[in-house]
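1. Sequence first, predicted coordinates after that:
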Amino acid sequence: MFEPHTIIEPFRVKVVEPLPLPTRADRARALEAARYNLFSVRAEDVTIDLMTDSGTSAMSQEQWSAMMRGDESYAGARSFFRFREAVEELTGMKHIIPVHQGRAAEKILFTVVGGAGKAVPANTHFDTTRANVEHSGAEAVDLVIEEGRRPETEHPFKGNIDTEALDAFLTAHRERVPLVVITVTNNSGGGQPVSIDNLRATRAVCDRHGVPLFLDCARFAENAWFIKMREPGQEGRSAREIAHEMFRLADGCWMSSKKDAFCNIGGFLALNDDSIAAECRNMLILTEGFPTYGGLAGRDLEALAVGLREVLDEHYLEYRIRSTAYVWEHLDALGVPLLRPAGGHAVYLDARAFLPHVPPEELPGQTVSVALYLEGGIRSVEIGTVMFGRTRADGRQEPGVMDLVRLAIPRRVYTQSHMDYVCEAVEYVYQRRQRYHGFRISEEARELRHFTCSFEPLDWDPLAG
Ligand code: F0G
């Protein structure tokens, strides 16, 4: 019997979008105009856009068809009930609140449960989660396991929270903690999964202290697939069964459906507590919209409902996780320093090891991402000192835990030859790494500075050939 080794894309292409092919000179001009911030570069100047897997997926024919069924009634639209049924079936939660994207759920939830003096422990807060917790006046505390802080260590579930540290934190601060957050997969820690065993243990710790457990579940299906593939005793279960257990272990969750639901926009907040849900709905009306559309069009709710079911297709998940690992293995074989092992939605370059001559205060991740864009037209994102560090009173940078460059892979969008091109460009930049030096931040905002800050090179010309 033919047993192929090649795991093929389980779809074929129906609509195509031309790829921009700017020259190196075009890219140099774009970088200067953007003051070296890749968020300010126009998409039409980017050849392969790996800045994010968020909102960048290709939707399926079923999703596009469902959008035609969108009911745009202000209140009680049919689309809302289809959306609610899909989220209910997946999460089992009692209250389901649509929002326009993940951070809207964070803003609403932490406005309700956060505030000065509060503390929110998590494996690792994503940047918008941390910002929303802190904006409310609360403290965001990351308690990921030790292996999750070290790019070079191998561990199958580097997204796990340190349950002993969580237990100790809750013993000391129980009255300050409104809820515990587990991010699946752990985006800021390298797209690394959380094991079902760790989720069960976290549930037990939360029960002992009487604290609710919430999932930030943007990539829940990728996490479920890793559990099936890597966790002893889980291989016989379906991704759907595992996902159901993940949600049943939690008291609430929020999702940016721009990731594992393949939507270009959308999200939800789902929870069991009646009084918190009532307060969240009031906030929703204030900031997003009426509770049966929450900042989304009826058609978006339809696409979300279809996407949530589609993502648990195991042929898709096998292809998805395999195609990320393909890029990772290719780069690893070239000796490029990577966060180990491959993440679900992205490959993370370890910029500190990539550019050992550029200290963290001089933003090595920024340098690597600028070089990848200049040489290959590839847009990545720095996840390191620019995103998570801060400028001290003396003007020096306080470094982030790691300096990573994320190559996030949009779902169902790029082919294997696009990825081969990416590997070639990374190899080219890696071979010339001695030529690249650091940057300084010349202007920054108080919160989420990475989106808008400006950079200046430190005594070198990044645009030289
Ligand atoms: N939580 C996680 C784990 C995320 O990765 C994101 C977004 C959010 C919350 C916020 O959701 O963007 O819909 O408001 N991550 C994107 C990224 C932006 O590029 O990783 P949002």
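-> That came through, no problem.

2. And the contacts of stretch 14-27?
-> Residues outside stretch 14-27 that contact it (C-beta atoms under 8 Å, 6 or more residues apart in numbering) are 30, 43-48, 61, 373-375, 377, 465. No exception for glycine: its C-beta is placed from N, CA and C like everyone else's.

3. In helices, which of these fall?
-> 30, 61, 373-375 (DSSP state H).

4. Which of these are buried? Put it as a ChimeraX command.
-> Buried residues among the ones in helices among the contacts of stretch 14-27 (16 or more other C-beta atoms under 10 Å), as a ChimeraX selection:
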select :30,373,374,375
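
5. From residue 447, how far off is the closest residue to the ligand within the chain?
-> As assessed by C-beta to the nearest ligand atom, the ligand sits closest to residue 102 within the chain, at 2.4 Å. As judged by C-beta to C-beta, to the nearest Å, residue 102 and residue 447 stand 16 Å apart.

6. who's more crowded, the two?
-> Regarding residue 102 and residue 447, a neighbour count based on other C-beta atoms under 10 Å identifies residue 102 as having more, with 26 against 13.

7. what sits against that one?
-> Applying C-beta under 8 Å, 6+ apart, the residues contacting residue 102 are 128, 216, 218, 254-256, 258, 267.

8. ok, stretch 254-269 near the ligand or not?
-> Yes. Counting by C-beta under 6 Å from any ligand atom, the ligand is contacted by stretch 254-269 at 256, 258, 267.

9. nearest spatial neighbour of the first one, skipping sequence neighbours?
-> Pointing back at residue 256 there. residue 102 (2.8 Å; C-beta to C-beta, 6 or more residues apart in numbering).

10. Residue 314 too?
-> residue 239 (5.7 Å).

11. Residues of the chain that sit close to the ligand?
-> Going by C-beta under 6 Å from any ligand atom, the residues of the chain near the ligand are 52, 54, 101-103, 126, 128-129, 183, 187, 216, 218, 256, 258, 267.

12. coming back round to it: where's the dip in pLDDT among the contacts of residue 102?
-> Lowest pLDDT within the contacts of residue 102 is found at residue 128 (93).

13. any idea which of the contacts of residue 102 is closest to residue 344?
-> residue 218 (10.6 Å; C-beta to C-beta).

14. if I look at that closest one, how far off is residue 352?
-> For residue 218, the distance to residue 352 - C-beta to C-beta - is 26 Å.

15. Which of the two has more residues huddled nearby?
-> For residue 218 versus residue 352, the count of surrounding residues by other C-beta under 10 Å is larger for residue 218: 27 against 21.

16. can you list the domain ranges for this structure.
-> When the chain is parsed with automatic domain parsing, its domains come out as 24-53+313-457, 61-310.

17. Pipe those domains into TSV and attach distance to residue 3 per row.
-> Output for the domains of the chain, formatted as TSV (distance: least, C-beta to C-beta, whole Å):
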stretch	distance to residue 3
domain 24-53+313-457	14
domain 61-310	19
